[in-house]
Each structure stands twice: as C-alpha cells, then as structure tokens.
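S.K.: what's the 3D shape of this:
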Amino acid sequence: SSRPDLMAREVDVERAEYWRRLGGRYLEFPALVGGWTVFDEEGSDIDGPVFGVEWNIPLFDRQQGERARTDREVEVARAKLELSRAQAAAELDAALGVNEELRAAALDVEEATPYAGADNESATAEFEAGEATRTDLLETHRSVADSRLAALGLQQEALAAHRRLEMSVGRPLTDGGS
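M.R.: Predicted structure coming up:
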C-alpha cells in the first residue's frame, strides 16, 4: 500500500465512509430565528421584535435516499480499492518474473563476454599465421561485436525491468541489483 494510486483509493474509501456517517445523522441542531412583526387588529396596533427557536425533527424521512446513496458510494470505493490492489499485485508478480528472467540472462551473457576477447585474439593469431582468410577474421570480429551489442541490449532490458519493478512496488529497491 505504499503506491500512490493505492493510497489515493484508501483515502477515497475513508471519504465515502465519512459521508455515509454524516448522511446517517437525522437530528439537526435548533436554529434561533428572529424577526419583526406587526399586528393590525381593530383598535390596537402592536408591532415589535419576535424571537424563537426552530427545530426540525423528521419522523418519517430521515434522509433514507441520502443514506442509500452513501452506502453505494462506500461499496463502489471499496470495490475500486480491491481492484486496484489486485492490479498492483498482478503488476508486481509480472515485474518480479520478468526481472528475475532478464537478470539471470544478463548475468549468463556477462559471464560469457570475457571469452569473446579470446575469440578475437585467436582469430587474429590464425590470420597472422596464414591459417585463416581476411574474411574469416572480419567475420569473427563482427560476430564478437554483435554478441557484445546483444549483451548490452539484454542488460538494458534487465535494467528497464528493474525500473518497472520499482514502480510496481512504489519505492526504490536497494538490494535488487542491476
């Protein structure tokens, strides 16, 4: 739950629950009212201030529609949170699998890379000894360069998978090497 999108969904659930609690209240505080009134009756005119207390007590309605709406909003917010958690878990599992596979492949290629220099040296020695043609020498150099380029590409993919894994977790990974 350290991912920002999951934290936002959790806040949405809390907000919906607060609105539901607020919608469940049906007694209101009394209000003070005041005004000025004039009575015109035969023979006497009375005017002056009028003060009072106004207090609504709903006996039948009690905001049932509002409570039903807020209950549904809480259910929707919780469902979205669970969906986001499931998607985050799936992204994390996929990123872990891809990261492990690419990292293992990159380590295998990295272990094989030092032998490529020996291939270049032996092809050069064969050419200088007259045992190989210039085409063989250039072909060996090209294949070694291609293998090193492929190793770099695989290493780049492994690092990109590691970055995606960190994004799925929502924080940097200190022990997941590159």
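S.K.: ok, the closest residue to residue 84 other than its chain neighbours to residue 23 distance?
M.R.: In space, and not counting its chain neighbours, residue 84 is closest to residue 9: 4.8 Å by Cβ to Cβ, 6 or more residues apart in numbering. Yep, even glycine has a C-beta here, placed from its N, CA and C like the rest. Applying Cβ to Cβ, to the nearest Å, the value for residue 9 to residue 23 is 21 Å.
S.K.: who's more crowded, these two?
M.R.: With neighbours defined as other Cβ atoms under 10 Å, residue 9 and residue 23 compare such that residue 9 has more, 21 against 18.
S.K.: confidence score at residue 119?
M.R.: Listed pLDDT for residue 119 reads 81.
S.K.: So which other helices or strands are in contact with the helix or strand containing it?
M.R.: Assigned by DSSP states H and E, residue 119 belongs to helix 64-128. On a contact count with 3 or more Cβ pairs under 8 Å, 6 or more residues apart in numbering; DSSP states H and E, helix 64-128 meets helix 4-23, helix 134-169.
S.K.: In JSON lines: the ones you listed, plus distance to residue 66 and mean pLDDT.
M.R.: Formatted as JSON lines, the helices and strands packed on helix 64-128 follow (distance: least, Cβ to Cβ, whole Å; pLDDT from 0 to 100):
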{"stretch": "helix 4-23", "distance to residue 66": "4", "mean pLDDT": "89"}
{"stretch": "helix 134-169", "distance to residue 66": "39", "mean pLDDT": "84"}
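S.K.: mind checking which of the ones you listed is nearest residue 37?
M.R.: Closest approach to residue 37 among the helices and strands packed on helix 64-128 is made by helix 4-23 (35.9 Å; Cβ to Cβ).
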